[in-house]
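Enquirer: predicted coordinates and the sequence they were generated for:
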Amino acid sequence: MKTISCHNAAERLKEVMRRMKLEQPYHSAFTFELPFTRQQLGSLTGLSLESTIRTIKKMEKENVLRIHNRKILF
């Protein structure tokens, strides 16, 4: 995860999600449900909770991910 520290917030989150999704059998869009809370994602990426939430909302608007029943689908 050291390699993502110089990226912006959205790139950090996308990289973590992408790496986790690659370990799953299905790689289609929005088929992977992240098993982490927003706070845990922030800790993984070195972001504050506020930055994580704001970035996830922005990524949802850009159709990078979806939020369904408080779960993040990537």
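Expert: Structure received.
Enquirer: what about the strands in the chain?
Expert: 66-68, 71-73 (DSSP state E).
Enquirer: centre-most residue in this structure?
Expert: residue 13 (4.1 Å; C-alpha atoms, centre = their mean).
Enquirer: my guess is it contacts residue 57. True?
Expert: No. Counting by C-beta atoms under 8 Å, residue 13 does not reach residue 57; the two are 11.4 Å apart. C-beta here means a position set from N, CA and C on the backbone, and glycine is covered the same way.
Enquirer: what's the separation between residue 69 and residue 33?
Expert: 10 Å (C-beta to C-beta, to the nearest Å).
Enquirer: revised request: answer the last question for residue 14.
Expert: 16 Å.
Enquirer: compare those two (neighbour count), which wins?
Expert: residue 14 (19 against 13; other C-beta atoms under 10 Å).
Enquirer: list the contacts of the more buried one.
Expert: Listed by C-beta atoms under 8 Å, 6 or more residues apart in numbering, the contact set of residue 14 reads 59, 64.
Enquirer: check it and give its pLDDT.
Expert: Residue 14 is assigned a predicted lDDT (pLDDT) of 96.
Enquirer: report how many residues lie close to the closest residue to residue 7 other than its chain neighbours.
Expert: Using C-beta to C-beta, 6 or more residues apart in numbering and skipping residues adjacent in sequence, the residue nearest residue 7 is residue 15, 6.8 Å away. Residues near residue 15, counting by other C-beta under 10 Å, number 15.
Enquirer: start the count at 202 instead of 1 going forward.
Expert: In the new numbering, first residue 202, that becomes residue 216.
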